[in-house]
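# prediction below, plus the sequence it came from.
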Amino acid sequence: MKKFVLIPLLLLLSFSVISAQKKPKYNYAAQKKLLPAELGRVYLGMPLAELSKRLDLSNAEVGDTRFDWLELSVPFEKGDLTNLTVRIYGLSQDDKKAILHKETIKKKDDLGEDYEIEVDRLDVGKIPGKGFVYAMYIAFKKDFDLKSRVVKTYGQPKPEDIYKEGDEYHIYDMQWTKKTSDGLVWLIRAFYGDEGGSLQLLGRIDGTEWGLDG
């Protein structure tokens, strides 16, 4: 009788292990070809705790915390990149309160005059073992040829994914949909402007506003 009970239990445990192994695990190696090399080993699906070890988040400005996500604008200047903004999913409002603090900083207005503003900062030492990156918004230098770079990286987009003058339904200049070997579906959008281009790398991860779960 004991053997009869033990065998089904072993089968159940084996099935659980196999199921766990089949769950997608996002990783840098699979995504490397779609990511700007200047960012280093930063990728979509990356845990916030791991991100804090790759980038200095102590001076990141925190966006409006009322939303489901936590948005961090990270000072980042390397090569032709001038700023990196990431969105984190998986933190509750209580989690956010526990890792944020207020700080008064100085900024300059359009006339070059200094003014003070209170911002939220991240307390890196209190980051919990949950929350992950699901979107990156990357800014480039004003004179950088972003169009050539993205076409070289992602290929020529479909005609319907290229902005045509007067088309009010296109909120981007170019768009691509990709899928990497780690199972992640990507929405990639490029914008060109007089003040510099920008690139959006959006992971269609369930639960986020870009998720495929509706």
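Looks like it arrived, so ask away.
# to what extent is the residue nearest to residue 155 when sequence neighbours are not counted buried, counted in neighbours?
Distances taken as CB to CB, 6 or more residues apart in numbering place residue 176 nearest to residue 155, at 7.3 Å, with adjacent residues excluded. Backbone N, C-alpha and C define where each C-beta goes, glycine included. Using other CB atoms under 10 Å, residue 176 has 19 neighbouring residues.
# before we move on, what about residue 33?
Neighbours of residue 33 using other CB under 10 Å come to 11.
# low pLDDT regions in this structure?
Within the chain, the stretches with pLDDT under 70 are 1-24, 214.
# ranges for the helices of the protein?
For the chain, applying DSSP state H gives helices covering 2-22, 28-31, 48-54, 93-99, 146-154.
# just the buried residues of the last one, please?
Meaning helix 146-154. 146, 149-150, 154 (16 or more other CB atoms under 10 Å).
# tell me how far residue 207 lies from residue 66.
Distance of residue 207 to residue 66, computed by CB to CB, to the nearest Å: 17 Å.
# and the two? Which one has more around it.
The residue with more neighbours, out of residue 207 and residue 66, is residue 207; 11 against 7, by other CB under 10 Å.
# quick check: closest non-adjacent residue to the most centrally placed residue in the chain.
By CA atoms, centre = their mean, the chain has its centre lying nearest to residue 135, at 2.6 Å. Leaving aside its chain neighbours, residue 135 sits nearest to residue 87 (4.2 Å; criterion: CB to CB, 6+ apart).
# and that neighbour, bridged to which residues?
Bridge pairing for residue 87 (DSSP bridges) gives the partners residue 71, residue 135.
# what does stretch 97-112 contact?
62, 65, 91, 114-123, 126-128 (CB atoms under 8 Å, 6 or more residues apart in numbering).
# check stretch 189-199 too.
So stretch 189-199 is contacted by 36, 82, 136-142, 144, 146-147, 150, 172-175, 188, 200, 202 (CB under 8 Å, 6+ apart).
# run the last query once more with 10 Å
36, 80-83, 85, 136-147, 149-151, 153-154, 157, 161, 163, 170-176, 188, 200-202 (CB atoms under 10 Å, 6 or more residues apart in numbering).
# many thanks, have a good one.
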